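*Asks:* The following comprises the amino acid sequence and a computationally predicted model.
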Amino acid sequence: MKKYGIGYASGTVVNALATGKGCAFALNLTTICEIDFNTEGVIETYINGKRTDCKICNAIIESFSGNTGARIQIISDIPVKSGLGSSSAIVNSLITSLCWNLNCSMKPEDVVKLNARLSLEYGISYTGAYDDAFVSLLGGIAITDNLKMKTLMHWEIDYQCVILIPPWEKQKVSYNAIRKHGKIIEKAIKHAQAGNIPEAMKINTDFFCRILGYPTEPVEMLREKGFELVNLSGNGPAYICLCDEENVDEIINIWKNVPGRIIRTQTVGIQ
């Protein structure tokens with residue numbers, strides 16, 4: 001029987017770039033990985049049916065199984081380069097698939113730490129994206145210290161979620177420039193730790209939209225209607241809004257006036 005690995009998408013409360021501390025939550029968009037081993041010594045990776053040169057996938061396979069060849073099939077409904085943690089989900093799905101198939105045991109926190117280390121090593125993330133990797137594997141909402149690879153808080157979450165994927169390109173990140181303004185985001189982290197997620201999101205979006213060059217109009221449109229749990233996710237360009245079931249249609253109708261693709265999903269509880 002083949003065993004599959006899975007990773008969830010992640011949404012942002014507080015981006016970890018500025019301080020090294022982040023807050024993220026799991027979304028029910030998934031990446032699933034299936035591995036077929038062979039003796040040919042060749043590693044082939046397919047993402048949504050397309051052959052891909054995935055160096056990080058090759059490194060993971062080689063570290064787990066030596067020179068054994070493998071055909072990696074990854075199926076994902078997480079939009080890439082959108083700020084929804086697609087890379088963290090791919091790595092989680094691959095590692096957990098390997099653990100299932102090779103009958104090896106890894107503690108969840110070790111999977112997350114390996115994910116973060118590889119993210120740093122291969123230049124996928126400036127901080128290792130430990131927050132994204134953590135909720136991608138374990139669900140819920142979490143506050144983490146990405147630089148220390150440590151979980152500070154982890155609790156349940158239960159919302160519907162509307163995502164806007166606008167057509168504008170992902171903006172370049174000036175890590176050093178963002179780090180200079182860490183005190184602003186420290187306030188957002190403190191609000192998140194105190195349970196004031198709306199204020200944490202407001203500070204995060206206002207800061208990162210300005211410094212990355214994204215418009216705040218998609219967020220302001222919802223704030224004007226009383227929706228407070230709305231944010232720029234990751235380094236963009238996706239915007240996310242958490243809401244109750246009865247508000248989903250209203251949010252979709254508002255965002256229909258903005259160019260882009262709208263996705264409806266929900267958060268994922270602690271796994």
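*Replies:* Here it is on my side, so go on.
*Asks:* Next, give phi and psi for residue 224.
*Replies:* phi -60, psi -20 (degrees, to the nearest 10).
*Asks:* nope, residue 80 is what I was after
*Replies:* Per degrees, to the nearest 10, the backbone of residue 80 is at phi -80, psi 150.
*Asks:* For it, give me its contacts.
*Replies:* For residue 80, the contacting residues are residue 86, by Cβ atoms under 8 Å, 6 or more residues apart in numbering. (C-beta placed from N, C-alpha, C; glycine too.)
*Asks:* do that again at 10 Å, thanks
*Replies:* By Cβ atoms under 10 Å, 6 or more residues apart in numbering, the contact list for residue 80 reads 47, 48, 86, 87, 90, 170.
*Asks:* Also residue 48?
*Replies:* Contacts of residue 48 (Cβ under 10 Å, 6+ apart): 31, 73, 74, 75, 76, 77, 80.
*Asks:* Now restrict the residues you listed to buried residues only.
*Replies:* Burial by neighbour count, 16 or more other Cβ atoms under 10 Å: within these this picks out 31, 73, 74, 76.
*Asks:* Could you give the bridge partners of the third one?
*Replies:* Counting by DSSP bridges, residue 74 forms beta bridges with residue 33, residue 47.
*Asks:* That one is in contact with residue 89, isn't it?
*Replies:* Yes: counting by Cβ atoms under 10 Å, residue 74 does reach residue 89; the two are 9.4 Å apart.
*Asks:* Give the intersection of the neighbour lists for the two.
*Replies:* 7, 31, 32, 33.
*Asks:* Number of residues surrounding the last one?
*Replies:* Taking other Cβ atoms under 10 Å as the criterion, the count of residues near residue 33 is 29.
*Asks:* what about the strands in the stretch 51-200 of the chain?
*Replies:* 69-76, 141-145, 150-155, 160-165 (DSSP state E, counting those that start in this stretch).
*Asks:* Of all the residues in the third one, which ones are buried?
*Replies:* Of the residues in strand 150-155, those buried under the neighbour-count criterion (16+ other Cβ under 10 Å) are 151, 152.
*Asks:* So what's the predicted local confidence for residue 18?
*Replies:* pLDDT recorded at residue 18 is 96.
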